[in-house]
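> Got a sequence here, can you model it:
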Amino acid sequence: MQLENTISQIHGWLGNTSGYYAIIMVVWGLWRYFRKQGIDNEYWGALVIEEGLIALHCLLGVLVYFIGQNWDTQLIHILCGVACALILPIIYVSTKRKKDRSQLLIYILFNAILALLVWQAIRTSIPIITING
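Prediction:
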């Protein structure tokens, strides 16, 4: 039970971190966009770190789900997690790793969507209190 609680707590922290990181990537992207810059190696590296963070978050979510037998998790929480894990790789493949400003704008937009999905997943993970009796 202690292991489940620890993994669940780390999963929650990584969820918050993922959301804040996506917001930081939006702000940084906007900063670069308005300075008429495209995507550079530092931004690529930050995107890779972001995807690694999200992948670790999802992996811990799967562990919490199966080890903790948390079968009452809302389906929307799981769908948001899957969407979060797939957004950046899909954008990477579809943009063919181009570095111009228009591609940066796509990453800005989808990082904003990613932040909203993380918030939605966090919101749906709050336990529903039922009154028996």
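> The helix or strand where residue 54 lies - contacts with which helices or strands?
Counting by DSSP states H and E, the element that carries residue 54 is helix 41-67. For helix 41-67, the packing partners by 3 or more CB pairs under 8 Å, 6 or more residues apart in numbering; DSSP states H and E come out as helix 2-34, helix 75-95, helix 101-124. All C-beta spots, glycine's among them, are computed from the backbone N, C-alpha and C.
> Pick the most buried one from those.
Compared across the helices and strands packed on helix 41-67, helix 101-124 shows the largest average neighbour count, a mean of 18 (mean count of other CB atoms under 10 Å).
> Report the angle between that helix and helix 75-95.
In terms of direction (axes from the mean of the first three to the mean of the last three CA atoms, to 10 degrees), helix 101-124 departs from helix 75-95 by 170 degrees.
> what does the average pLDDT come to for helix 101-124?
On average, the pLDDT along helix 101-124 is 92.
> Run through who's touching it.
12, 15-16, 18-19, 22-23, 25-26, 29-30, 32-33, 36-39, 43, 47, 50, 54, 74, 76-77, 80-81, 83-84, 87-88, 91, 95 (CB atoms under 8 Å, 6 or more residues apart in numbering).
> what inclination does the helix holding residue 54 have with respect to helix 75-95?
150 degrees.
> Average pLDDT for helix 41-67, rounded please.
91.
> quick one, that helix and helix 2-34 angle?
Using the same axes, to 10 degrees: helix 41-67 against helix 2-34 is 160 degrees.
> Over to residue 35: give its phi and psi.
When read as degrees, to the nearest 10, the backbone of residue 35 gives phi -90, psi 10.
> what's the spacing between it and residue 104?
Distance, residue 35 to residue 104, by CB to CB, to the nearest Å: 11 Å.
> Tabulate the CA atom coordinates of stretch 50-58 in CSV.
Output in CSV follows, covering the C-alpha atoms of stretch 50-58 (Å, rounded to 0.1, in the frame of the first residue of the first chain):
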residue,chain,number,x,y,z
GLU,A,50,8.9,17.4,-22.2
GLU,A,51,8.0,14.2,-24.0
GLY,A,52,10.2,12.2,-21.6
LEU,A,53,8.5,13.8,-18.7
ILE,A,54,5.1,13.0,-20.1
ALA,A,55,6.1,9.4,-20.9
LEU,A,56,7.4,8.9,-17.4
HIS,A,57,4.1,10.4,-16.1
CYS,A,58,2.1,8.0,-18.2
